[in-house]
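Engineer: Need coordinates for the below:
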Amino acid sequence: MRAWAIPAFTRSRRISRSNFAFCGELQNAEFERGLIIERTREGMKAARERGVRPGPPPKLSPKQIAHALKLLEKGDRRDDIADILNVSRTTLYRALV
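Structural biologist: Now for the predicted structure:
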C-alpha cells in the first residue's frame, strides 16, 4: 500500500511512534556516552594519582636532553644533534622547549 493511500491519522500516528522510539534511543545513547566519559575521567584521575603518565614514553631521557643542551652551547647544529640522538628534529625541539 502506498503512503498516500493510508489515512493521514494512521500515518501521523505511525510517524509519531517511530519518532518517539527514535528519541528514546537517542536519549539512551546520550546517557551511555555520558557514562563512558565519566568512567574514563575517573580512570585517568586514578592513574594520575598512581603516578602513571598518559601517552607514549618520552623518546629522550633527561640525560640525553642535558647532552643535547651541551652540544647546542658548543655550537653544533640541531640537525646534527638530532642525528646523534637518533630522533627527529621535531622531537628534539619539543624536548628542548
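Engineer: contacting residues for residue 68?
Structural biologist: Residue 68 is in contact with 60, 81, 85, 92, 95-96, counting by Cβ atoms under 8 Å, 6 or more residues apart in numbering. All C-beta spots, glycine's among them, are computed from the backbone N, C-alpha and C.
Engineer: element containing it, please.
Structural biologist: helix 62-74 (DSSP states H and E).
Engineer: just residue 47 next, same as before
Structural biologist: Using DSSP H and E, the element containing residue 47 is helix 8-50.
Engineer: can you tell me the distance between the two ends of stretch 50-57?
Structural biologist: 16 Å (Cα to Cα, to the nearest Å).
Engineer: mean confidence for it?
Structural biologist: The pLDDT scores in stretch 50-57 average 89.
Engineer: just stretch 88-97 next, same as before
Structural biologist: 92.
Engineer: in that stretch, what counts as buried?
Structural biologist: Neighbour-count burial for stretch 88-97 flags 92, 95 (criterion: 16 or more other Cβ atoms under 10 Å).
Engineer: After the helix holding residue 68, which helix or strand is next?
Structural biologist: With DSSP H and E setting the assignment, the helix or strand that follows helix 62-74 is helix 78-85.
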